[in-house]
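1. Quick check, what structure comes out for this input:
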Amino acid sequence: MKLYTFGTPFETIAVDPNSTEEVREEKVLPYLEISRDVVDETPSLVFTRKLAGRDVVYGLGETMRGINKRGGRYVSYNTDCPHHYQSMPSMYGAHNFIVIDGEEKFGVFFDTPSRVTFEIDYENSGELKVICETEDLRLYLIEESSALEISRAFLRLIGPSFLPPLWAFGLGQSRWGYGGDEDVERVFKGYRENELPLDYICLDIDYMDRYIDFTTNTEKLPDLGALSARMKEQGIRLVPIIDAGIKVEPGNKTYDEGLEGGYFSVKENGEPFHAAVWPGMTHFPDFFQPEAREWFGRQYEGLTSQGIEGFWNDMNEPSIFYSEFEGQKSQWLGDIVINKLFPDRQEKGEVSAYRDYKRFYHKINGQLVQHHRVHNLYGALMTVASAGGLEKQVDGRYLLFSRASYIGAHRYGGIWTGDNSSTYEMLRQNLLMMPSLSMCGFIYTGADTGGFGENCNRQLLLRWLALSAFTPLERNHSALHTREQECYAFGDTTAFRALIRLRYLLIPYLYSEFMKANLRRDMLLRPIAFDFPNDERALRTEDQVMVGESVMIAPVLRENSLTRRVYLPEDMQKVRYHLTESGEPVFDVELWKRGEHTVNVPLDEVVFFIKKDAAIIVSTDEKAMSTNEMDLSHVRLLGEGASYEQYLDDGRTKVMAEENIRTVTEAGATA
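-> Numbering: from 1, shown residues only. All right, here's what the predicted structure looks like:
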């Protein structure tokens, strides 16, 4: 691991302060040529390299397009982007780590919170071009024998993921519109009456009083603590949303404290910056101030004191509908009309709030720093602030996931991949994005199952559940004004029951692989080429992904398809999962030879693969309605392998340990 320092870099959270990875400072940078340019009136560093025809480029975390990033232009600049499409340059996260895998193999991490553009063989240039809109950054160069080893070295540098509780590996149900007791009770009843397992229900902005953070709408939600307690008795947690902006409203405790403490971002003249989001005019907390982070983290206590153990942070790029500079500041306050605002504020392929990001500032070490220069850290520092409060307020582990992120934020919370849509294109993108996120440390992640925008149909939701069964975060989430998307809303629930039960049967494996990857600084989801680096066909196969040590998934990604082609890079055990007519789960296992195969996959079945001489574990708690009803020591082996290493703890202890790994055999478990 070599470090190259340019100018005076801004201190980010990317590198784990407890990392034991040896980093050596160097002066002469190999592989990349360096030049200077002026971009958007900003002095910038430009790094270039000729790409060989067989070079594969991995990484960049949350970005569109394929696992191999060649052919694309990607802009690391956290963006509220509700309409995703393949050529979209910016998403919600900034994950500036790439791996070049060819005759020469190396990884590069550009550690800067400023905007970075990656042009990777863009328009057939045959060139890698990285434009850093700053002359101040740290560049880490990693040289190892393979792309997998490079990724592992990077994970050792940036540290382990935060540890969600066991219940966070269960199914979550969410919808923009859930706001009160009736919604929660209706969803709970719908799942239980149809014998569909469920672990948590997310509350979107409607649970708040006028969309104001850290409040509740007492008409819809007269006693949140009582509702939380009732749900916990049934094995269900409530997970409310928290947005970044604090409503400008004198008399509100959070607002008054923030104003008095000087905890809000400011204009160049030192006055608080005003921008409109859901509650109307808001101030944005200055998460770059340690004191502001501590103050913001304390605000969660009003909810955690009522039994809440999980949150999702949103709108923290930060999203801006309009600001005081847009000339509409007195037109309305508190009356957000989505259909009126979004068409005006979303400029295709660009950041709608870009002008505003240059108009407000943060107080950092006694200096005012323009937000644009450190933009990509904002949402990550909100996660740091939230985690700081929850660490003190919640006994044991908590669930926390965010929309905006930067490398290093994974140590404090997970992420979901934002406002996707109910299309097969987005289903495929979900699969393609997971390995890149895993490379960048985000192993507790997933997409909105079924799609957030547009109207999901029964077939698409079933296919998405078959994929999400293998991702750590599995949440069914949909937007206001779309059709109901709960798993009981499509008539006959037999197929849904089969797919959700599979998820719960796999939880012992998923949880073990998550914890072992964390403990050993390894990837959880990987391109199959990482496991079979000398196989040219594996190198070009992107719609199949490794999950944990032994499983390969190849989900159906095309509409109306009941079959798909699968490439096996070695002899593998094909597993066909389905339920019997009486509701009993069945795993049919047979050995298939290396090569190309056609697989039949009806809507109520899932097919996946286990490496030839390996085994995984599945739960024997086959009727569990939530993780509360599961004992992870109740497992059995699946596959031809003689044993499996299971990570077993209580699902809430904050400390990982090798001592929690036990060997499971057909004869039983041994320490």
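
2. For the stretch 551-671 of the chain, give me the ranges with low pLDDT.
-> Regions of the stretch 551-671 of the chain meeting the criterion pLDDT under 70 cover residues 671.

3. can you give me the helices for the stretch 501-650 of the chain?
-> Counting by DSSP state H, counting those that start in this stretch, the segments of the stretch 501-650 of the chain that form helices are 528-531, 536-539.

4. let me redo that: the stretch 101-250 of the chain
-> Going by DSSP H, counting those that start in this stretch, the stretch 101-250 of the chain shows helices at 147-158, 181-193, 224-233.

5. Could I get the buried residue list for the shortest one?
-> Looking back up the chat, that one is helix 224-233. L224, L227, S228, R230, M231 (16 or more other Cβ atoms under 10 Å). No exception for glycine: its C-beta is placed from N, CA and C like everyone else's.

6. most packed of the helices of the stretch 501-650 of the chain?
-> With neighbours taken as mean count of other Cβ atoms under 10 Å, the helices of the stretch 501-650 of the chain reach their highest mean count in helix 528-531, at a mean of 24.

7. Contacts for that one next, please.
-> The contact list for helix 528-531 (Cβ atoms under 8 Å, 6 or more residues apart in numbering) reads 56, 101, 146-148, 151, 435, 523, 535, 538-539, 541, 544-546, 552, 569.

8. Let's see that with 7 Å instead.
-> Helix 528-531 is contacted by residues A147, L148, A538, L539, T541, Q544, V545, M546, M552, P569 when judged by Cβ atoms under 7 Å, 6 or more residues apart in numbering.

9. again with stretch 360-373
-> S114, S265, V266, K267, E268, F273, D286, F288, Q289, Y357, K358, V374.

10. Please name the nearest non-neighbouring residue to the last one.
-> Counting by Cβ to Cβ, 6 or more residues apart in numbering, the nearest residue to V374 once its immediate chain neighbours are dropped is P113, at 4.3 Å.

11. residues in contact with the spatially closest residue to G441 that is not a sequence neighbour?
-> Leaving aside its chain neighbours, G441 sits nearest to H410 (3.9 Å; criterion: Cβ to Cβ, 6+ apart). H410 sits next to S161, F162, G441, F442 when contact means Cβ under 7 Å, 6+ apart.

12. ok so, going back, nearest to T627, out of the helices of the stretch 501-650 of the chain?
-> Closest to T627 of those, according to Cβ to Cβ: helix 528-531, at 29.2 Å.

13. Just the C-alphas of the closest one, formatted as CSV.
-> Extracted C-alpha coordinates of helix 528-531, given in CSV (Å, rounded to 0.1, in the frame of the first residue of the first chain):
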residue,chain,number,x,y,z
ILE,A,528,-17.5,-14.6,-10.3
ALA,A,529,-14.2,-13.6,-12.0
PHE,A,530,-12.8,-12.8,-8.6
ASP,A,531,-13.1,-16.5,-7.7
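
14. So W295 versus F214, what's the distance?
-> Going from W295 to F214 by Cβ to Cβ, to the nearest Å gives 12 Å.

15. The residue nearest to V374 reaches N376, doesn't it?
-> Yes: if you go by Cβ atoms under 7 Å, P113 and N376 touch, sitting 4.5 Å apart.

16. and for these two, which residues touch both?
-> Y406.

17. from the contacts of helix 528-531, which is closest to L203?
-> Nearest to L203 among these, with distances taken as Cβ to Cβ, is V545, at 31.4 Å.

18. Counting neighbours, what do you get for the closest one?
-> V545: 25 surrounding residues under other Cβ atoms under 10 Å.

19. ok, now which ones touch it?
-> With the criterion set at Cβ under 7 Å, 6+ apart, V545 makes contact with L431, M434, P435, L525, R526, P527, I528, I553.

20. let's see it at 6 Å
-> Applying Cβ atoms under 6 Å, 6 or more residues apart in numbering to V545 gives the contacts P435, L525, I553.

21. With Y424 instead?
-> By Cβ under 6 Å, 6+ apart, Y424 lies in contact with E559.

22. Repeat that for the one 10 residues further on.
-> Neighbouring residues of M434 by Cβ under 6 Å, 6+ apart: L525.

23. Doesn't it belong to a strand?
-> No: under DSSP: H, G, I helix; E, B strand; the rest coil, M434 sits outside any strand and is assigned helix.

24. if I look at it, how far off is E195?
-> Noted for M434: a distance of 29 Å to E195, by Cβ to Cβ.

25. give me the element the residue most central in space within the chain is part of.
-> Geometric centre of the chain, nearest residue: I415, 2.8 Å, by Cα atoms, centre = their mean. Assigned by DSSP states H and E, I415 belongs to strand 414-416.

26. helices or strands up against that strand?
-> strand 399-402, strand 445-446 (3 or more Cβ pairs under 6 Å, 6 or more residues apart in numbering; DSSP states H and E).

27. The same query, at a cut-off of 10 Å, please.
-> strand 310-314, helix 378-393, strand 399-402, strand 445-446 (3 or more Cβ pairs under 10 Å, 6 or more residues apart in numbering; DSSP states H and E).

28. which SSE is E425 in?
-> Per DSSP H and E: helix 424-439 holds E425.

29. for that helix, what is the average pLDDT?
-> Averaged over helix 424-439, pLDDT sits at 98.

30. Now do it against helix 147-158, angle only.
-> Counting by axes from the mean of the first three to the mean of the last three Cα atoms, to 10 degrees, helix 424-439 lies at 60 degrees to helix 147-158.

31. chain center to helix 424-439: distance?
-> Counting by Cα atoms, centre = their mean, to the nearest Å, helix 424-439 is centred 10 Å from the centre of its parent chain.

32. Going by neighbour count, list what's buried in it.
-> 424, 426-439.

33. cool, stretch 511-520 as well?
-> Buried, per 16+ other Cβ under 10 Å, within stretch 511-520: Y511, S512, E513, F514, M515, K516, A517, N518.

34. Please name the spatially closest residue to the last one (chain neighbours excluded).
-> In space, N518 comes closest to P160 once its chain neighbours are excluded; the distance is 4.6 Å by Cβ to Cβ, 6+ apart.

35. now swap in the second one and tell me
-> Nearest-residue entry for S512: Y647, 4.2 Å, with adjacent residues in sequence omitted and distances by Cβ to Cβ, 6+ apart.

36. what are the ranges of the strands in the stretch 401-550 of the chain?
-> Under the criterion DSSP state E, counting those that start in this stretch, the stretch 401-550 of the chain contains strands at 405-406, 414-416, 445-446, 448-449, 474-476, 525-527, 545-547.

37. so for the last one, what's the average pLDDT?
-> For strand 545-547, mean pLDDT rounds to 98.

38. Centre of the chain to that strand, how far?
-> Distance, centroid of strand 545-547 to centroid of chain: 16 Å (Cα atoms, centre = their mean).

39. now swap in the second one and tell me
-> Strand 414-416 sits 3 Å away from the centroid of its parent chain (Cα atoms, centre = their mean).

40. Partner strands of that strand and their direction?
-> According to DSSP bridges, strand 414-416 forms sheet pairs with strand 399-402 (parallel), strand 445-446 (parallel).

41. now the fourth one
-> Each strand pairing with strand 448-449, determined using DSSP bridges, is listed with its direction: strand 474-476 (parallel).

42. Next, the residue nearest to V374: phi, psi?
-> Main-chain torsions, P113, degrees, to the nearest 10: phi -80, psi 0.

43. All set, thanks.
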